[in-house]
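Chemist: From the sequence below, what's the structure:
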Amino acid sequence: MRLSEKISAHIEANQQRIVDTLCDILSFPSIVLVDPTQAGPGERDCQLYLQKRLEKLGMTTDLWDPDGPALYEKYKGRPGANKGRTFEGRPNLGGTLKGTGGGKSIMLTGHIDVVPPGARAHWNTDPFLPQVIDQQVFGRGAVDMKGGVACMLMAVEFLQELGIEHAGDIVFTTVVDEEIGGMGSLAMVDRGFKADAGIMTEPSANRIAPLCHGILWGKILVNGVGGHAELMPNSWDSTGPVDAVQLCRQIMDGIDIINRRWQFDPKKNHPLMELPNQILVTQLKVGEHPSSTAGYGEIIIDVQYLPSEKDSFGLGGHVKREVEEHLANICLADPYLRQHPAKIEWILDADCAEIPADHPFVQTFQQAVIEARLSPALSGFGAHSDIGLPTGLGNTPTVNFGPGDPAQSHQPNERVPVIDLVNCTKAIALAIEKWCK
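Modeler: Just a heads-up that it's a prediction; the model follows:
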């Protein structure tokens, strides 16, 4: 039996252990809170569980609460540096399993923070009491991305059980804060965790994704003039009621225009991405009283950008200016907004990265997924992931690869097929065996 077949057979025979490990990790409610100074209820406990598992494998581990303010001052204006973050009770975890020497190293990395489950009425199961139903594991984080964390942990464990030695080091990291900006990954890289190549196990339907989007979050501030909604206004200028609801509609219509333009703009498209870059309206807050004309509105937008659009700081400054100019032109079309233009406040800039298709690790990984009986075709990761931080700052070229349909992320009844977990674990184990020789 060939070595790759031996590895695959052992993983298939022990697939229940992958499921059990994932269920253990899902049971921790490691929810990222809206207030970035507060620890989620299960973030620390989840990391402590993983630390014990790593130490059982013989890894040297490092569990630490990053210094958010110090990191911000050190990396201000750079990817991952978000003001106002503190990490008390929100630790990062790193571990290293030394190789015999002389081989290439690999870093397996992921995040353990999850978004809130939302309304319990939308769930058929308790989001933090994982269940296996019809060969799928249900629970908040099953796809995004504790399924991938379980796979990368079990890949190392299975290789060790088979007595397969590796010349290069295996580095294992799990971070917090990914769901609100990525400062956990910045702290991980700053701590010195790096390797010759990396796999971030974000859900990609077990496709190698050497590319992800950057994202900008912005708040568009719209000032109208309040008044009685049920009475005839005296004027439509700054002396009388100006409906901020209508102004918000006009601005969102203008966003539709730029999205249609981006649909056919080569700079906004990539052959590995299914969709062009978009400006997505994700939140809307407008009005103060049921019978009053809205005097104020806020539109929250999520703006995508590609690695080719990054500015000199590795961020989305060029795209910010493009959006600002378009917003200014929208305002010029309206007499009131011309005099009282909407403004935009940028909340977040999360960077992106692309690893060339001919990079040696990408090609090695493609061979591994073929032996795991998966497709070697490359794909783009349509959402944002943290691969830009280890790739750009840590000099660890990192690709996304993980189990599950990424569209399940953040949804109620989040679930991952057991077969995806098994195949992902195979592919990662085979990649380690091939790369770390």
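
Chemist: Residue 94: neighbour count?
Modeler: 23 (other Cβ atoms under 10 Å). The C-beta positions use only the backbone N, C-alpha and C, and glycine is treated the same way.

Chemist: Sorry, wrong one. I was asking about residue 124.
Modeler: Neighbours of residue 124 using other Cβ under 10 Å come to 10.

Chemist: what's near enough to touch it?
Modeler: By Cβ atoms under 8 Å, 6 or more residues apart in numbering, the contact list for residue 124 reads 138, 413.

Chemist: Residue 77 too?
Modeler: Residues in contact with residue 77, defined by Cβ under 8 Å, 6+ apart, are 313, 315.

Chemist: Backbone dihedrals for it, please?
Modeler: phi 80, psi 0 (degrees, to the nearest 10).

Chemist: Could I get the contacting residues of residue 57?
Modeler: Counting by Cβ under 8 Å, 6+ apart, residue 57 touches 95, 97, 156-157, 160.

Chemist: Leaving out sequence neighbours, find the closest residue to residue 376.
Modeler: The shortest distance from residue 376 to any non-neighbouring residue, by Cβ to Cβ, 6 or more residues apart in numbering, is to residue 366 (3.9 Å).

Chemist: same check, this time on residue 60
Modeler: residue 96 is the one closest to residue 60 (Cβ to Cβ, 6+ apart), at 5.4 Å.

Chemist: With residue 123 instead?
Modeler: In this structure, residue 123 finds its nearest non-sequential neighbour in residue 412, 4.9 Å apart by Cβ to Cβ, 6+ apart.

Chemist: Touching, the one you found and residue 122? I think so.
Modeler: Yes: if you go by Cβ atoms under 8 Å, residue 412 and residue 122 touch, sitting 3.7 Å apart.

Chemist: So which of these two has more stuff around it?
Modeler: residue 412 (17 against 11).

Chemist: Let me see the contact set for that one.
Modeler: Counted by Cβ under 8 Å, 6+ apart, residue 412 has contacts 117-119, 122-123, 127.

Chemist: Using the three-state scheme, assign it.
Modeler: Assigned by DSSP: H, G, I helix; E, B strand; the rest coil, the conformation of residue 412 is coil.

Chemist: In this structure, where is pLDDT below threshold?
Modeler: 234-239 (pLDDT under 70).

Chemist: quick one: the helices in the chain?
Modeler: 3-13, 15-26, 43-56, 68-75, 146-161, 183-190, 244-262, 317-332, 335-339, 360-371, 388, 418-435 (DSSP state H).

Chemist: List the contacts of the longest one.
Modeler: When contacts are defined by Cβ under 8 Å, 6+ apart, helix 244-262 is touched by residues 220, 222-224, 268, 276-279, 281, 284, 286-287, 293-297, 299, 301, 323, 326-327, 329-330, 333-334, 336-337, 342.

Chemist: now that helix, how far from the chain's geometric center?
Modeler: Computed by Cα atoms, centre = their mean, to the nearest Å, the separation of helix 244-262 from the middle of its chain amounts to 27 Å.

Chemist: cool, and the first one?
Modeler: The gap between where helix 3-13 is centred and where its chain is centred comes out at 30 Å by Cα atoms, centre = their mean.

Chemist: and if you look at stretch 345-364?
Modeler: Worked out by Cα atoms, centre = their mean, stretch 345-364 lies 12 Å from the chain centre.

Chemist: Please spell out which residues along it are buried.
Modeler: Across stretch 345-364, burial judged by 16 or more other Cβ atoms under 10 Å covers 346, 349-355, 361-362, 364.

Chemist: Domain ranges for the chain, per the record?
Modeler: What automatic domain parsing lists as the domains of the chain is 3-212+353-435, 214-350.

Chemist: and those domains, which is most packed in?
Modeler: Mean neighbour count, computed with mean count of other Cβ atoms under 10 Å, is highest for domain 3-212+353-435 among the domains of the chain, reaching a mean of 21.

Chemist: Compute the first-to-last residue distance for it.
Modeler: 14 Å (Cα to Cα, to the nearest Å).

Chemist: one step back: ok, the contacts of residue 57 vs residue 188, which is closest?
Modeler: Among these, residue 95 lies closest to residue 188 (Cβ to Cβ), at 11.6 Å.

Chemist: so that closest one sits right up against residue 172, yeah?
Modeler: Yes: counting by Cβ under 8 Å, residue 95 does reach residue 172; the two are 4.4 Å apart.
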